[in-house]
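Visitor: Quick one, structure for this:
(chains A and B)
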Amino acid sequence: MSVAPVAAPPITQAPVVAVGKEPRRFTLGTLPLHLALILLTVIWIVPTLGLLVSSFRPGFLVNRTGWWTAFSPPFQFTLQNYSDVLQSNNLFASFLNSLTIAIPATVIPIAIAAFAAYAFAWMRFPLRNALFLLLVGLLAVPLQVTLIPVLAAFKVLQLNGSFLGIWLAHTGYGLPFAIYLLRNFFGSLPNDLFESASIDGAGPVTMFFRLVLPLSVPALASLAIFQFLWTWNDLLVALVYLGGDPAVAPMTVTVANLVGSLGQSYELLTAAAFVSMALPLVVFLAMQRYFVRGMTAGAVKG
Amino acid sequence: MDAQRITFLVGAVIGVPVVLVLYIVVTDWLIRRLPAAQHGRVRPWLWVGPALLLVTGFLIYPGVATAWISVLSNDGKNFVGFANFGHVLADHSVLIAIRNNVLWLVFYTGLVLVFGLILAVMADRVPYEGAIKSLIFMPMAISFVAAGLIWSFMYQYQPNLPGVHQTGTLNAVWVNLLHQQPIAWIIDERVNNFALIFAAVWVWTGFAMVITSAALKGIPPELTEAARVDGATELQVFSRITIPLLAPTLTVIGTTLVIFALKAFDIIYVMTNGLYNTDVMARRMYGEMFTSQNYANSAAIAMLLLLAVIPVLIFNLRRFQFQEAIR
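Guide: Numbering: from 1, shown residues only, chains lettered A, B, ... in the order given. Model prediction:
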């Protein structure tokens, strides 16, 4: 995923249980619906399944017969491809590089965005609306327009090819969406809360840490997942600012390079691809609820 | 991971938030030393300051600088007006890239919206909706690099000779079940752009599906029930009630997709690197920057991309202002 979604439109809050809706029971009349839906879903998972199966097949078979033949005798499977790519193709080092890039590139922008979002939501200052409008505009700006000058600046500051440089870049690029999402969430917190806290003598700092942050855990979780997946899966920013140095290359860059160098060795490519997918898939499956909530967020108010 | 790397990583993950909190707490302590009238005037700027600084440094200043580079000669010494744009637009391969972006814009956006809508409506009527959504949505979590590789594998081509098996899933179905000649999906210029586009459709359909589905559940059931009671067919309910009510949501999903279609890079980079007439603007911009080292042309292409995004940008701003007005 290389794009932060522009938040969705005002949808009225979805009821948890659709009232007055027909119970969803299985009847013969709905059989075509079930068949069509299941067929489409199968089509959607076949590509990933083929990749996964091939990554466990011996190389001499992968390039000779289709992956589906693995399910008929003589069931030949192997872990060789994984041990090959992890050892000889720099993949384990890239995995660590991806972690080194993605974790700070998730934490730093969220921390910075949270304070800014609070100010945009609950403080009054001149140009507030104009500045926020600017951020909304920046959500749509392709980051291609920033690559050349930022790279030139990085070269002068000797930040190109460094983790610090790419953390800063991901922070800058991630901020508009992060501020936008958090500001909408903070802004939807009830006004009374702030009034009564204010009467009790709480200042903005106290309100931010004691009130807003604890109430915003779901929004912060959604944002963290977005930013983590975005930075983990990013190719372009890493290609440009890390300059192809294998010592700092994340998984996406290494796997993309393997496509060039291994060519048709699909048993290795599929294993490499799966290693690069494993962590985002785990994050996705574990935190699916927050992911989906964040995506429909800007919008489904509250 | 060596000790130095871990120290560095932990330092960034803990250090940056700690420094930020200290910054806020210390400046707040200082603010409270000021006369009361000044508090509200100073504090907001300190809170938005770090974010504004970074956004200016990484988006606003570079954007302006790129615009400037695009009207200079490649050595940056002379002002050349729109000459770089003239160069770029006179290049046949750039025109191919623009054509391909148009294909992406139309087919990628259209197919994602249609698949997302169909799947959302169908899944809404079955008890195992959650499982279907998770499976369709899953590709959204993986990188486009992995998605490109997955689809390169799907599109594999082997010549149709005795004893040679099709190893690509699509050609296996095409040759063995439909008894056609195998197609080199990625190389054959009649189909290759659509093949690449479909890989992106596969990734993004879950996005459209999940958001459409949320909007679908927001439609009051009384509306569709009333129509059914009045004798409307399912198709009429769908086209006259569901679709119009979903239109604002579909538009917003559409704007996100349009932006992505214009910026498409990773999938092309991995699957063809722009060969076989599949190049797009973002890939070309990267190529001008690193392969040809022509920053002037590269900047001009980036500005063309920005220009293409501006209608969407304006649409987003208007919608945002409308939303704020009804807030």
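Visitor: Number of residues surrounding residue 195?
Guide: You didn't say which chain, so I picked chain A. 10 (other CB atoms under 10 Å in any protein chain shown). Any C-beta I mention is one placed from the backbone N, CA and C, and that applies to glycine too.
Visitor: that's the wrong chain, I meant chain B
Guide: For residue B:195, the neighbour count with other CB under 10 Å is 22.
Visitor: Now for the closest residue to it other than its chain neighbours, how many residues are close by?
Guide: Across the structure, with CB to CB, 6 or more residues apart in numbering or on different chains as the measure, the residue nearest residue B:195 apart from its sequence neighbours is residue B:185 (4.3 Å). Around residue B:185 sit 24 other residues, with neighbours defined as other CB under 10 Å.
Visitor: and residue B:185, what element?
Guide: With elements delineated by DSSP states H and E, residue B:185 resides in a region that no helix or strand encompasses.
Visitor: Would you enumerate the residues in contact with it?
Guide: Counting by CB atoms under 8 Å, 6 or more residues apart in numbering or on different chains, residue B:185 makes contact with B:155, B:157, B:168, B:170-171, B:191-192, B:195.
Visitor: If we use 10 Å, what do you get?
Guide: Contact analysis of residue B:185 by CB atoms under 10 Å, 6 or more residues apart in numbering or on different chains lists B:151-152, B:154-157, B:168, B:170-171, B:174, B:191-192, B:194-196, B:198, B:271.
Visitor: could you flag which of those residues are buried?
Guide: B:151-152, B:154-157, B:168, B:170-171, B:174, B:192, B:195-196, B:198, B:271 (16 or more other CB atoms under 10 Å in any protein chain shown).
Visitor: Out of these, give me the two with the largest separation.
Guide: Taking CB to CB as the measure, the buried ones among the contacts of residue B:185 reach their widest spread between B:174 and B:271, a distance of 18.5 Å.
Visitor: mind listing the helices in chain A by residue range?
Guide: Ranges of helices in chain A, per DSSP state H, are A:31-55, A:59-62, A:80-88, A:91-122, A:128-138, A:147-157, A:163-187, A:191-199, A:204-206, A:213-215, A:217-233, A:236-242, A:251-262, A:266-297.
Visitor: picking up where we left off before, out of the buried ones among the contacts of residue B:185, who's nearest chain A?
Guide: When the buried ones among the contacts of residue B:185 are compared for distance to chain A, the smallest value, 5.2 Å, is given by residue B:154; criterion: CB to the nearest CB.
Visitor: Would you mind listing where the stretch 51-200 of chain B has pLDDT under the threshold?
Guide: Counting by pLDDT under 70, not a single residue of the stretch 51-200 of chain B qualifies.
Visitor: and if you look at the stretch 51-200 of chain A?
Guide: Where the stretch 51-200 of chain A is concerned, nothing drops into low confidence, which here means pLDDT under 70.
Visitor: Excluding chain neighbours, what is closest to the residue of it found nearest chain B?
Guide: Here the stretch 51-200 of chain A gets closest to chain B at one residue, residue A:172, 2.5 Å apart by CB to the nearest CB. The shortest distance from residue A:172 to any residue other than its chain neighbours is 2.5 Å, reached at residue B:58 (CB to CB, 6+ apart).
Visitor: Which residue lies nearest the spatial centre of the chain?
Guide: All of this refers to chain A. By CA atoms, centre = their mean, the mean C-alpha position of chain A lies nearest to residue A:229, the distance being 2.3 Å.
Visitor: actually chain B
Guide: When chain B is reduced to its mean C-alpha position, the nearest residue by CA atoms, centre = their mean turns out to be residue B:260, at 2.7 Å.
Visitor: isn't it right next to residue B:104, touching?
Guide: Yes: taking contacts as CB atoms under 10 Å, residue B:260 lies within contact range of residue B:104: 8.6 Å.
Visitor: what is in contact with the two at once?
Guide: Shared contacts of residue B:260 and residue B:104, defined by CB under 10 Å, 6+ apart, comprise residue B:200.
Visitor: Please identify the helix or strand for residue B:126.
Guide: Assigning secondary structure by DSSP H and E places residue B:126 outside every helix and strand.
Visitor: Equivalent analysis for the one 4 residues further on, please.
Guide: Assignment of secondary structure by DSSP H and E places residue B:130 within helix B:129-137.
Visitor: What residues sit buried inside that helix?
Guide: The neighbour-count criterion (16+ other CB under 10 Å) identifies B:129, B:132-137 as the buried residues of helix B:129-137.
Visitor: In JSON lines, list those residues along with distance to chain A.
Guide: JSON lines is the format used below for the buried residues of helix B:129-137 (distance: CB to the nearest CB, whole Å):
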{"residue": "B:129", "distance to chain A": "8"}
{"residue": "B:132", "distance to chain A": "5"}
{"residue": "B:133", "distance to chain A": "8"}
{"residue": "B:134", "distance to chain A": "6"}
{"residue": "B:135", "distance to chain A": "5"}
{"residue": "B:136", "distance to chain A": "5"}
{"residue": "B:137", "distance to chain A": "8"}
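Visitor: right, and out of those residues, which lies closest to residue A:280?
Guide: With CB to CB as the yardstick, the closest approach to residue A:280 among these comes from residue B:137, at 12.4 Å.
Visitor: Surely the closest one is in contact with residue B:129?
Guide: No: under the contact definition of CB under 10 Å, residue B:137 does not touch residue B:129, with a separation of 11.8 Å.
Visitor: what's residue A:248 in contact with, if anything?
Guide: In this structure, residue A:248 makes contact with A:93-94, A:97, A:100-101, A:161-163, A:165-166, A:238, A:241-242, judged by CB under 10 Å, 6+ apart.
Visitor: from those residues, which are also near chain B?
Guide: With respect to chain B, and counting by CB under 10 Å from any CB of the partner chain, the subset of these in contact is A:93, A:97, A:100-101, A:163.
Visitor: would you turn those into TSV with distance to residue B:95 and neighbour count?
Guide: Compiled in TSV, these are given as follows (distance: CB to CB, whole Å; neighbours: other CB atoms under 10 Å in any protein chain shown):
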residue	distance to residue B:95	neighbour count
A:93	41	17
A:97	38	26
A:100	41	21
A:101	36	26
A:163	39	19
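Visitor: Many thanks, we can stop here.
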